[in-house]
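Student: this is the structure alone, sequence omitted:
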């Protein structure tokens, strides 16, 4: 319930001229972030499927030394979901260089770093978020006036429906 109290407080801050702009920008960027996470997830699954489909270096991982730290690392690397976990960490820069031991996996790793890390994370995400901020910043006065109207109308509606101590 404390989470919803903070959300309600953010909603009330949208009336303030300075904080209201930032709250509005965060609300608009949420749509951009959801779209970005969907595209990132599709590309993550595509690279994980390509690595799993080729079974790159599975034999060397699962039939190697079984005395890895309490056997946990050994068993996790033999799961088929390991490819999704591995690509997830590689998209953030973890290399797993000991597992890359054939030319095809080197090429896939280079493509993964190029597409997920450089293009998607650094370029596209920053450009989309910057464009959203610039759009909101250009329409600051109109957006702020509309937000004040919406909050006032909502408070008038709830102040009649809820008793006095609960309508805050």
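Tutor: Received it, and whenever you're ready, just let me know what you need. Keep in mind that this is a model prediction, so the values were computed, not measured.
Student: centroid-nearest residue for the protein?
Tutor: Averaging the C-alpha coordinates of the chain gives a centre point, and the residue nearest to it by Cα atoms, centre = their mean is residue 37 (4.8 Å).
Student: and the pLDDT at that one?
Tutor: According to the predicted model, the pLDDT of residue 37 comes to 92.
Student: likewise for residue 43?
Tutor: Per the predicted model, pLDDT is 91 at residue 43.
Student: what's the local residue count around it?
Tutor: Neighbour count for residue 43, taken as other Cβ atoms under 10 Å: 17. For the C-beta atoms, the positions are set from N, CA and C on the backbone; glycine is no exception.
Student: equivalent analysis for residue 83, please.
Tutor: By other Cβ under 10 Å, neighbour count at residue 83 equals 22.
Student: ok, now how distant is it from residue 114?
Tutor: 19 Å (Cβ to Cβ, to the nearest Å).
Student: the residue nearest to the centre of the chain and residue 30, how far apart?
Tutor: 11 Å.
Student: before we move on, what about residue 83?
Tutor: Between residue 83 and residue 30 the computed distance is 30 Å (Cβ to Cβ).
Student: now swap in residue 22 and tell me
Tutor: Per Cβ to Cβ, residue 22 is found 13 Å from residue 30.
Student: residue 98 now?
Tutor: When distances are taken as Cβ to Cβ, residue 98 and residue 30 turn out to be 39 Å apart.
Student: list the helices and strands the lengthiest helix in the chain packs on?
Tutor: Among all segments of the chain classified by DSSP state H, the helix with the greatest residue count is helix 17-54. Using 3 or more Cβ pairs under 8 Å, 6 or more residues apart in numbering; DSSP states H and E as the contact criterion, the secondary-structure elements in contact with helix 17-54 are helix 2-13, helix 82-91, helix 103-112, helix 125-138, helix 140-161.
Student: looking at those, which is nearest to residue 45?
Tutor: Residue 45 lies closest, by Cβ to Cβ, to one member of the helices and strands packed on helix 17-54: helix 82-91, at 7.1 Å.
Student: distance-wise, check residue 15 relative to residue 155.
Tutor: 10 Å.
Student: by mean pLDDT, flag the weakest helix or strand of this protein.
Tutor: Of all regular secondary-structure elements in the chain, judged by mean pLDDT, DSSP states H and E, the least confident is helix 58-62 with a mean of 53.
Student: which regions of the protein lie under the pLDDT threshold?
Tutor: Scanning the chain for pLDDT under 70 picks out the ranges 53-78, 158-159, 161-168.
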